[in-house]
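> Can you look at this prediction? I've put the sequence above it.
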Amino acid sequence: MKIGIADTTFARVNMGRVAIDEIRRHASVGIERSTVPGIKDLPVACKKLIEERGCDIVMALGMPGGVEKDRMCAHEASQGLILAQLMTNRHIIEVFVHADEAKDDQELAWLLEQRTREHALNAVKLALYPKELEKAAGTGQRQGFPDVGPARQ
Amino acid sequence: MKIGIADTTFARVNMGRVAIDEIRRHASVGIERSTVPGIKDLPVACKKLIEERGCDIVMALGMPGGVEKDRMCAHEASQGLILAQLMTNRHIIEVFVHADEAKDDQELAWLLEQRTREHALNAVKLALYPKELEKAAGTGQRQGFPDVGPARQ
Amino acid sequence: MKIGIADTTFARVNMGRVAIDEIRRHASVGIERSTVPGIKDLPVACKKLIEERGCDIVMALGMPGGVEKDRMCAHEASQGLILAQLMTNRHIIEVFVHADEAKDDQELAWLLEQRTREHALNAVKLALYPKELEKAAGTGQRQGFPDVGPARQ
Amino acid sequence: MKIGIADTTFARVNMGRVAIDEIRRHASVGIERSTVPGIKDLPVACKKLIEERGCDIVMALGMPGGVEKDRMCAHEASQGLILAQLMTNRHIIEVFVHADEAKDDQELAWLLEQRTREHALNAVKLALYPKELEKAAGTGQRQGFPDVGPARQ
Amino acid sequence: MKIGIADTTFARVNMGRVAIDEIRRHASVGIERSTVPGIKDLPVACKKLIEERGCDIVMALGMPGGVEKDRMCAHEASQGLILAQLMTNRHIIEVFVHADEAKDDQELAWLLEQRTREHALNAVKLALYPKELEKAAGTGQRQGFPDVGPARQ
């Protein structure tokens, strides 16, 4: 089992390092990493991690900026990540934190790290323990901010 | 005949369980299930259900959040689901309930379950009784809220 | 020569029946029909009509709802229809009438039928008499509402 | 060398005829033409001109309407044209004039013809004299309305 | 190692020449260039540089205009560039400067050149020194305007 990590120099936290740290707490797997300039470079980086470096699942880590043009970039990257998955039949867990989700640099750093850690655990579950996710189906899980919970208590 | 069910931990009702319950009322078919974190993970989950687990048709069940970014996620997931269908020549019935379609948690839970049930029946018809759908062509069918009916009474 | 007809149970006029009636007035061809729940199910339905049921050209008939979310659905369906054409090298004539193009149910029913009929004729011309379309190039043709005509009279 | 011309009956000037006239002034090449109802029919028409009728390069000529829905149609057509190029490794020169770019019918007719002529020359250069384009790199060329010129005079 | 350069006659600075100059300062590699009319012509130009002219990585250089329609063109081009990468498993570094990012022609010229130079260096690193990018992961790098730096100082 090999997990790929793709991240960017644009983000303001070393998301790749955080993801690797969290994965290592939960699973003994091989890890391949690719760092690219920005989020629009992630789709092919992920596909190369799968097809050229043998990864079974990949995490795509990025921090879109906070203005309108950045939201469009995030949209384009997301579409590319979905396409890369369909071309390879492998899951790519997208972990994007929009710069405007946090009220200041401190919260931004916290959110970037926290969401990365929670999705790293999702990646491990998808790859190794898929029944764990099925048990949590429909329970209003969130990554970073608190879970919302099921609609019927 | 095998029907695939893909759902999420993000949704606030166990849509997968509801779909399976409804399908079993109408047809004796094999069922494969895959639960993923969010709606953007659904396209490849559905494609894998078709290509790796032998499903003839799949239901993609999700609950997009209620703010602008969530609508974009839903759009990306929908495009991916359409692409997955075109790559496999199999139908994937998308069942999305936007969190802001309901006025409170109680109505949300009801709508998530009701739309899932009505589309589960659509999936069964598409797979086993396509002429049933042809008979209902142009009759203003809706899933969840009431049917609108034909424009000419 | 075989023409495929894909329509929906969501629409409020039996567009498939109208299209078949109009095609039969102009050409003696085989017809295959597939009715699906909504417009997002049309792309793969059309592709299956081409690849599994031998159609040379297809009409995709649908009525998107009148609110913002419906416009996005129509956009997703349209992109899928274009992709299905590129994957098959066959024309798929999209006939969409947005619910908010008409002022009431009566006009909606008229428009759904009229646009379907005029595009059915386009489908016949594309399949059998392509030179007819070339003769009308740049003449401001419309389907449903009146033609606009050329910019220079 | 064969150049394909795809145009529409929706446009209000015979753009195909204009393009063919202009190409013939600059190059002695074969020409194939396909006229379709609207701009969303152009992507597959262009792909067929390349793959079934042997064109080396294609011009896609269209006039999107002036309201919001038309802009979405143009967007969908453009995405399809880009995809058709990527599937064939051939250039397709898109020549779209939005109905609302001109202040009246007379200017619209002029703009439709002028932009078509200038892009016809671009198509000839791309196909036969690519170094001509390289010489004009970064010089602020426009098609139809006047060139803007380089940012540094 | 061969680097491809695709640029446009629409831009207002000779971005291709700038990129080639910068690449030559950092690496001794082969260079192939293709100049096209506008940014929507870039995706297939890049794919041809990879598949027909043997480039290992490509820079796509363009200057979208400053109005709404131009932003849509940029979006379409970006999607095409991502798709071209996924079809070839090669990186294409997109360098777009929107005309409205600069306050006047002088700043526009500076920004077009500066961003091109900084991304040319990214292209060299991606192709030859990928570990350099990994060292800069999460450090808030920007191209053109000043770097933002990490969220935690």
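Sure, I can see it.

> How about the helix ranked longest in chain A and chain E, any contact?
Ordering each helix of chain A by length in residues (DSSP state H) puts helix A:105-128 first. Yes - for helix A:105-128, a contact with chain E is found by C-beta under 8 Å from any C-beta of the partner chain, at A:105-106, A:108-109, A:112. C-betas here are computed from N, CA, C, even on glycine.

> downstream neighbour of that helix in the secondary structure list?
Note on helix A:105-128: by DSSP states H and E, the next helix or strand toward the C-terminus is helix A:130-135.

> Give me every residue in chain A lying close to chain E.
Remark: the part of chain A in contact with chain E comprises A:7-17, A:33-37, A:40-41, A:43-45, A:47-48, A:51-52, A:69, A:72-73, A:76-77, A:79-80, A:83-84, A:87, A:105-106, A:108-109, A:112, using C-beta under 8 Å from any C-beta.

> Mean confidence (pLDDT) on stretch A:43-54, please.
Across stretch A:43-54, the average pLDDT comes to 98.

> Buried ones in stretch A:70-90, by neighbour count?
A:70-88, A:90 (16 or more other C-beta atoms under 10 Å in any protein chain shown).

> again, but for stretch A:112-132
Of the residues in stretch A:112-132, those buried (16+ other C-beta under 10 Å) are A:112-127.

> Helix, strand or coil: sort out the residue nearest the centre of chain A for me.
With distances taken as C-alpha atoms, centre = their mean, A:V95 lies nearest the centre of chain A, 2.9 Å away. Following DSSP: H, G, I helix; E, B strand; the rest coil, the label given to A:V95 is strand.

> thinking it is in contact with A:H119, fair?
Yes - between A:V95 and A:H119 there is a contact under C-beta atoms under 8 Å: 4.5 Å.

> Now do the shared contacts for these two.
Common contacts of A:V95 and A:H119, defined by C-beta atoms under 8 Å, 6 or more residues apart in numbering or on different chains, comprise A:19, A:59, A:143.

> can I assume the second one sits in a strand?
Okay, so that is A:M59. Yes - judged by three-state DSSP, A:M59 forms part of a strand.

> Report the buried members of the residues of chain A next to chain E.
Applying 16+ other C-beta under 10 Å to these flags A:7-17, A:33-37, A:40-41, A:43-45, A:47-48, A:69, A:72-73, A:76-77, A:79-80, A:83-84, A:87, A:105, A:108-109, A:112 as buried.

> Mark which of the residues you listed are part of strands, please.
In strands, judged by DSSP state E, the following of those are found: A:7-8, A:33-36.

> And the residues you listed, which two are furthest apart?
A:T8 and A:R33 (11.9 Å; C-beta to C-beta).

> Run the chain-centre distance for stretch A:63-71.
17 Å (C-alpha atoms, centre = their mean, to the nearest Å).

> same thing with stretch A:60-67?
That offset, for stretch A:60-67, works out to 11 Å (C-alpha atoms, centre = their mean).

> Ends of it, what's the gap?
21 Å (C-alpha to C-alpha, to the nearest Å).

> What residues of that stretch count as buried?
A:60-65.

> Show me what the longest helix of chain A is packed against.
Under the contact definition 3 or more C-beta pairs under 8 Å, 6 or more residues apart in numbering or on different chains; DSSP states H and E, helix A:105-128 sits against strand A:2-8, helix A:15-26, strand A:57-62, strand A:92-96, helix A:130-135.

> Noted, bye for now.
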